[in-house]
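*Asks:* give me coordinates for this.
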Amino acid sequence: MPVKRLPRWLWIVGSLLIVLILLALIVPYFLDVDRYRSTIAAQIQEATGRKVTLGKLNAHLLPTVGFTIDQFTLGNPPGFADGNLLAAESIRGSLALGPLLRREFQLTSVEIVHPHLYLLEDDRGRVNYELEAPKKPGQKKAESSVSVTIDAIEVSDAELTLARVTGSRKKVVPVVHARNMNVTLEDVALDAKKLKQWKADADLDGVVLHLPGIKPPLEFRSGNLALRNGGIDSKFSATLGDITRADGTLKVKDIENALVVFDLKTSLLDLDQFTAASAKSETAPATPARGRSGMLAQGRIAAERIRLAPYEATGATADVRIFDDRMEIWPVKAALYGGIAQVSARVDTRQTPQRFSANIQITDLDVGKMLAASPDTRGKMTGTGQLRLQIFGSLGDNLVDSLTGTGDLSVRDGKFPGFNLGTLGALAKVQQLLSFGQGGGGGGGDLTFTSITGDLNIGGGRIESNRIHMDSPSGTLDLRGSMGFDQTLAYDGQANLAKSASGQASPTDALLGVLGAATKRQVSGLSIPFSIRGTFSEPKVGPGRGLPQFAGTSSTQTTQQPAQQQEQKKKSIFDLFKKP
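*Replies:* Residues are numbered from 1 along each chain as shown. As a prediction, the model looks like this:
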């Protein structure tokens, strides 16, 4: 049976295909595209005004028309700090053949392997990522006859560094550094008017973000990021060392007018770990250009617990706004031992180190519950407290020493159980001593008060008060002095004891009765000066300046001249031993 011959046209087409395939396999070995490396680099440099370096170039025709660049760097603009805007280990691309014949470069795919993008800003507000080519005097902007579109871009193991360039030596100070990023881009058109047609997807699992002022990095455990129609949506879970683990969302409505809106939730925020991590930080953000105040991000943060050992607040929420020269928190609200704490704060990045200010207000605080959180203060005081405080300081290793501020406090309807409080307990002991062992409330009595008020002035590592005043059924007490952040005490005061107004016998009444019997007068009050030293956990009460004084009237006269009343109003304790 004769073999059926193929049609002549099919032989021709088949032969041409074989020849084209052979050419596609052989031509790249004879076509040395690498010899055009300097020409291509010069064209890119002219278009961008940047220094460009290219590694070895290779071309291929199968399975698609494409190229490979082993190394690629795009430098910073002239007059900027030395370094690169972009550096990549290799770039691989594939071109659509049909559009290429029409001088249209349609990249069907681009793969960028381990790129590192450096986005820098100097003290004058100049940036290194504006790619508009420099113009010569009188030159008009050229209209390109070549359009470039890219179907897909794969970016693997990418790094991103945001940094400031400071000083005359143009030192580069990192602000944010991200690594381990993998991104897929689609429908990429190198035309600013078509930016919203871009699509992108990124798997956030494994991405590591190094933040300024904090040593442990932010590590993403899961999450994704999607770019569609000019907007970004992201959902993620991340940890910040031992400080916190948070779940959150992030949205950017319009990337051309980028404003990040975020929402973060965490079960625990450990401020002790945050402070320790901040103190060991190796980098810090530098000062941004003056006069800028555009908002970069805003959002809400919620924490089930905030810990500052041994104390904890619960149910905390805060609204945060981040500008390119400051961060604002308005306000943090949290439940604190039966009361409410509110903190409004601002961090100003225009100075080095960064300055901050905060307004703190605490209402209806259960003082007994709060003091019970620490073994050193447990059981030493009860009452309902209020606090208002405005503080200023600088972030960094000297945070505590930099603090300054003013405020006031008050505590109402409380007591000092027993005699373990040092300050008032020791006064009760003085009272017992002066009454020659009689009264004084015994060893286990409670010293109650109706109110305590005082002013606060912070500076030099201490909290100073010009007047702390206490009202109690037994009299009043006034203190003046300071307590250091190291818990050292330096107070001087005076206790003014008076007869009970309720008519019920009290230790104070017993003491005043002894004084009255010794002087044959009606003694209505006693003033005892004292001092407090030592530490907050172990206060030491001693005698103050001057002698104890008592006030009273004669028991044998019903009326006295004003001069006589004034004479008898204040008497020294030594008057007890004088003859009447």
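
*Asks:* am I right that Arg462 is in contact with Ser482?
*Replies:* Yes: because the distance of 4.4 Å satisfies CB atoms under 8 Å, Arg462 is recorded as touching Ser482. Where you see a C-beta, it was placed from the backbone N, CA and C, and this is true even at glycine.

*Asks:* quick one: which of the two has more around it?
*Replies:* Just comparing Arg462 and Ser482: by other CB atoms under 10 Å the higher neighbour count belongs to Ser482, 19 against 16.

*Asks:* pretty sure the more buried one is in a strand, no?
*Replies:* Yes: checked against DSSP: H, G, I helix; E, B strand; the rest coil, Ser482 lies within a strand.

*Asks:* chain neighbours aside, what residue packs nearest to it?
*Replies:* Distances taken as CB to CB, 6 or more residues apart in numbering put Glu464 closest to Ser482, at 4.0 Å, once the chain neighbours are dropped.

*Asks:* just give me the neighbour total for that neighbour.
*Replies:* Neighbours of Glu464 (other CB under 10 Å): 16.

*Asks:* ok, it to Thr404 distance?
*Replies:* Distance, Glu464 to Thr404, using CB to CB, to the nearest Å: 11 Å.

*Asks:* what is in contact with those two at once?
*Replies:* The contact sets of Glu464 and Thr404 overlap at Ile458 (CB atoms under 8 Å, 6 or more residues apart in numbering).

*Asks:* Thr326 bridge partners, please.
*Replies:* Just to correct that, residue 326 is Arg rather than Thr. In this structure, Arg326 has the following beta-bridge partners (DSSP bridges): Asp348.

*Asks:* going forward, the N-terminal residue is numbered 580.
*Replies:* Yes, from this point I'll number from 580; that puts the last item at Arg905.

*Asks:* give me the low-pLDDT residue ranges for the stretch 730-879 of the chain?
*Replies:* Using pLDDT under 70 as the threshold, the predicted model of the stretch 730-879 of the chain has low-confidence ranges 747, 767-774, 791-792, 835, 837, 854, 857-873.

*Asks:* quick one: the helices in the stretch 980-1129 of the chain?
*Replies:* Per DSSP state H, counting those that start in this stretch, the stretch 980-1129 of the chain carries helices over the ranges 1002-1013, 1086-1098.

*Asks:* now do the chain
*Replies:* Listed in chain order, the helices of the chain (DSSP state H) span residues 587-609, 616-627, 676-680, 850-858, 946-950, 978-981, 1002-1013, 1086-1098, 1141-1148.

*Asks:* mind listing what's buried in stretch 954-971?
*Replies:* Across stretch 954-971, burial judged by 16 or more other CB atoms under 10 Å covers 956, 959-966, 968-970.

*Asks:* what's the end-to-end length of that stretch?
*Replies:* The first residue of stretch 954-971 is 30 Å away from its last residue (CA to CA, to the nearest Å).

*Asks:* report the mean confidence score over it.
*Replies:* Here the mean pLDDT over stretch 954-971 is 91, rounded to a whole number.

*Asks:* what of stretch 1040-1055?
*Replies:* Mean pLDDT, taken over the full extent of stretch 1040-1055, equals 89.

*Asks:* buried stuff in it?
*Replies:* For stretch 1040-1055, by 16+ other CB under 10 Å, it's 1041-1044, 1047-1049, 1051, 1053-1055.

*Asks:* need the max-distance pair from those.
*Replies:* Taking CB to CB as the measure, the buried residues of stretch 1040-1055 reach their widest spread between Arg1041 and Ser1053, a distance of 29.9 Å.

*Asks:* distance of Tyr1070 from Arg743?
*Replies:* Here the criterion is CB to CB. By it, Tyr1070 lies 47 Å from Arg743.

*Asks:* list the buried residues of stretch 691-707.
*Replies:* Taking 16+ other CB under 10 Å as the neighbour-count basis, stretch 691-707 is seen to contain the buried residues 691-692, 694-697, 699-702, 707.

*Asks:* among the residues you listed, find the lowest-pLDDT one for me.
*Replies:* Asp702 (75).

*Asks:* burial count for Asp611?
*Replies:* For Asp611, the count of nearby residues is 12 (other CB under 10 Å).

*Asks:* scratch that, Gly1121
*Replies:* Gly1121 has 11 neighbouring residues, counting by other CB under 10 Å.

*Asks:* so how far is Ser1110 from it?
*Replies:* Using CB to CB, Gly1121 is found at 5 Å from Ser1110.

*Asks:* ok, now Lys749?
*Replies:* Lys749 sits 58 Å away from Ser1110, taking CB to CB as the criterion.

*Asks:* for Gly654, same thing?
*Replies:* With distances defined as CB to CB, the gap from Gly654 to Ser1110 amounts to 69 Å.

*Asks:* kindly report the same for Gln852.
*Replies:* The separation that Gln852 has from Ser1110, given CB to CB, amounts to 39 Å.

*Asks:* same thing with Asp1071?
*Replies:* As judged by CB to CB, Asp1071 and Ser1110 stand 5 Å apart.

*Asks:* ok, now Ser953?
*Replies:* For Ser953, the distance to Ser1110 (CB to CB) stands at 25 Å.

*Asks:* for these two, indicate the residue with more neighbours.
*Replies:* The neighbour comparison of Ser953 against Ser1110 (other CB under 10 Å) goes to Ser1110, with 17 against 14.
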